[in-house]
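Q: one predicted model, sequence on top.
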Amino acid sequence: MTTDASEVTTEPPFYMLPDTLRNWPYERIISPYYRAAQAESVAWLESFKPFTPAGQKAFNKCDFSLVSALTFPKATHYNLRSCCDLMHTFFTLDEHTDILDTEGTRFHCEATMDAILHPDKPRPEGEPIIGEIARQFWKRASAYAPQATKERFVKAWRSYLDSVILQAQRRDKSRYICTIEEYMVARRDNIGSDPSFAFLEMSLEVDIPHHIMEHPFIVELARDTTDMIVLANDMCSYKKEILVDDADYNAVTVVMKNNNTDVTGGIQWISDTHDDIVEHFLKVRDDVLNKHGFPSYGEDMDRQIEAYVHGLGQWIRGHDEWNFGSGRYFGDEGLEIQKTRKVIIA
């Protein structure tokens, strides 16, 4: 018996997402202020009309307030609103610069930097609207922040902007593929985690001096957190990016090209690397909390450090939940994909 070729069905390509947090000790927590802060922040952003009506609708579907509610679950209403504004500023800048060349990207980025440095200065005529968005966001958010936290944010924002400009430069080079190390170095800034960690401090209402935040153990924990965010984000965003032929700047593609492997091989390499980072993070976390090679700074400061360390752990869980719970990468299929781990590229 022969089979008519028209009756043969071929399953579309797919990849399986590893359960990278199967041994992660932090559970999903969401802020009770989520809906209220979301409504306020979305209304604030929409007042600038940064997108077309259809573009704004698509932007809102990604629910960038949800990532704040999941990663800053202990924030007060005021601070959570500021965290939502941060995410909206991040992703508005991202959407606006994704289609620009290097000079256009630089112009937008420098507008935000000047606004962060001078939040009381009126923005000049003709400047991209992202300048005023950044000014208002930071003026409100920084009003009650400790000085050290504000200084860390400003420094981190500069590094973040430099990485956005670098990404545009590589985009201009026409399908430039980094080495894995080049990619991770740039992406650690580009993912925006360091500015977000300053907001983690604000959400926890801690005031930790620079010399403690610069301790090698704390630096390692922040680096591990960032790398886990990058790797998890890129595995989830790969489908969205490959479908629009924009996946060159993605860890899956970078690993595939450098290791001469396919999507499955790239995902497996990332999964194995993520497992190693999880193990390292939890070991260093325990060393900090149990004072193994890490000093005590007094009861009150130790409590603040502990809150921050646990905050980093919660951030990882929250970010993972947002990858599936928002419409950013998987549309309405996110929660089902979170269960099945199967991502169909179609």
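A: Nice, thanks for sending it over.

Q: tell me how far Glu27 lies from Asn260.
A: Plainly put, Glu27 is 39 Å away from Asn260 if you go by CB to CB, to the nearest Å. Backbone N, C-alpha and C define where each C-beta goes, glycine included.

Q: same question, Gln169
A: In terms of CB to CB, Gln169 sits 26 Å off from Asn260.

Q: mind checking which of these two has more residues around it?
A: Gln169 (13 against 8; other CB atoms under 10 Å).

Q: what sits against the nearest residue to that one once chain neighbours are set aside?
A: Spatial nearest neighbour of Gln169, excluding adjacent residues (CB to CB, 6 or more residues apart in numbering): Thr102 at 5.0 Å. With contact set as CB atoms under 8 Å, 6 or more residues apart in numbering, Thr102 has these partners: 165, 168-169, 172.

Q: these in helices, which ones?
A: Counted as lying in helices by DSSP state H, out of these, are 165, 168-169, 172.

Q: tell me the pLDDT of Val278.
A: Looking at Val278, its pLDDT is 98.

Q: secondary structure element for it?
A: helix 263-289 (DSSP states H and E).

Q: what's the next helix or strand after that helix packed up against?
A: As assigned by DSSP H and E, the chain's next helix or strand after helix 263-289 is helix 299-325. Where contact means 3 or more CB pairs under 8 Å, 6 or more residues apart in numbering; DSSP states H and E, helix 299-325 is packed against helix 64-71, helix 193-204, helix 216-243, helix 263-289, helix 334-340.

Q: and the angle for the first one with helix 193-204?
A: Orientation note: helix 64-71 sits at an angle of 60 degrees relative to helix 193-204 (axes from the mean of the first three to the mean of the last three CA atoms, to 10 degrees).

Q: please save the CA atoms from helix 64-71 in CSV.
A: What follows is helix 64-71, C-alpha atoms only, in CSV (Å, rounded to 0.1, in the frame of the first residue of the first chain):
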residue,chain,number,x,y,z
PHE,A,64,6.7,44.1,32.0
SER,A,65,5.1,45.0,35.3
LEU,A,66,4.8,41.3,36.0
VAL,A,67,8.5,40.9,36.0
SER,A,68,8.8,43.5,38.7
ALA,A,69,6.0,41.9,40.8
LEU,A,70,7.8,38.6,40.6
THR,A,71,11.4,39.8,41.1
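
Q: for it, packing partners?
A: Against helix 64-71 (3+ CB pairs under 8 Å, 6+ apart) you get helix 34-46, helix 77-97, helix 299-325.

Q: who touches the shortest one?
A: Residues external to helix 34-46 that are found in contact with it (CB under 8 Å, 6+ apart): 31, 56, 60, 63, 65-66, 68-69, 77, 80-81, 83-85, 88, 92, 133, 136.

Q: buried sites along stretch 256-265?
A: 256, 258, 263 (16 or more other CB atoms under 10 Å).

Q: what of stretch 43-57?
A: 44-45, 50-51.

Q: got these as a markdown table, with pLDDT and distance to Ile208 columns?
A: Output for the buried residues of stretch 43-57, formatted as a markdown table (pLDDT from 0 to 100; distance: CB to CB, whole Å):
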| residue | pLDDT | distance to Ile208 |
| --- | --- | --- |
| Trp44 | 98 | 29 |
| Leu45 | 98 | 30 |
| Pro50 | 96 | 34 |
| Phe51 | 95 | 37 |
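
Q: which residues of the stretch 1-150 of the chain score low on pLDDT?
A: 1-9 (pLDDT under 70).

Q: and the helices and strands packed on helix 299-325 as TSV, adding distance to Glu110?
A: What follows is those, written out as TSV (distance: least, CB to CB, whole Å):
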stretch	distance to Glu110
helix 64-71	23
helix 193-204	16
helix 216-243	24
helix 263-289	33
helix 334-340	35
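
Q: so which of the ones you listed is nearest Gly313?
A: helix 263-289 (6.8 Å; CB to CB).

Q: for the closest one, packing partners?
A: strand 14-16, helix 216-243, helix 251-259, helix 299-325.

Q: ok and that helix relative to helix 251-259, angle-wise?
A: Relative orientation of helix 263-289 versus helix 251-259 (the same axes, to 10 degrees): 110 degrees.

Q: could you give the angle of helix 263-289 to helix 299-325?
A: Using the same axes, to 10 degrees: helix 263-289 against helix 299-325 is 160 degrees.

Q: quick one: helix 263-289 to helix 216-243, angle?
A: 160 degrees.

Q: flag every buried residue along helix 263-289.
A: For helix 263-289, the neighbour count (16+ other CB under 10 Å) marks 263, 266-271, 273-274, 277-278, 281-282, 284-285, 288 as buried.

Q: before we move on, the earlier item: with the contacts of Thr102 in mind, which one is nearest to Phe294?
A: Distances from Phe294 to the contacts of Thr102, taken by CB to CB, are shortest for Ile165, at 36.0 Å.

Q: how much space between the closest one and Phe51?
A: Distance from Ile165 to Phe51, by CB to CB: 22 Å.

Q: try Ala75
A: Distance of Ala75 to Phe51, computed by CB to CB: 26 Å.

Q: nothing else from me, thank you.
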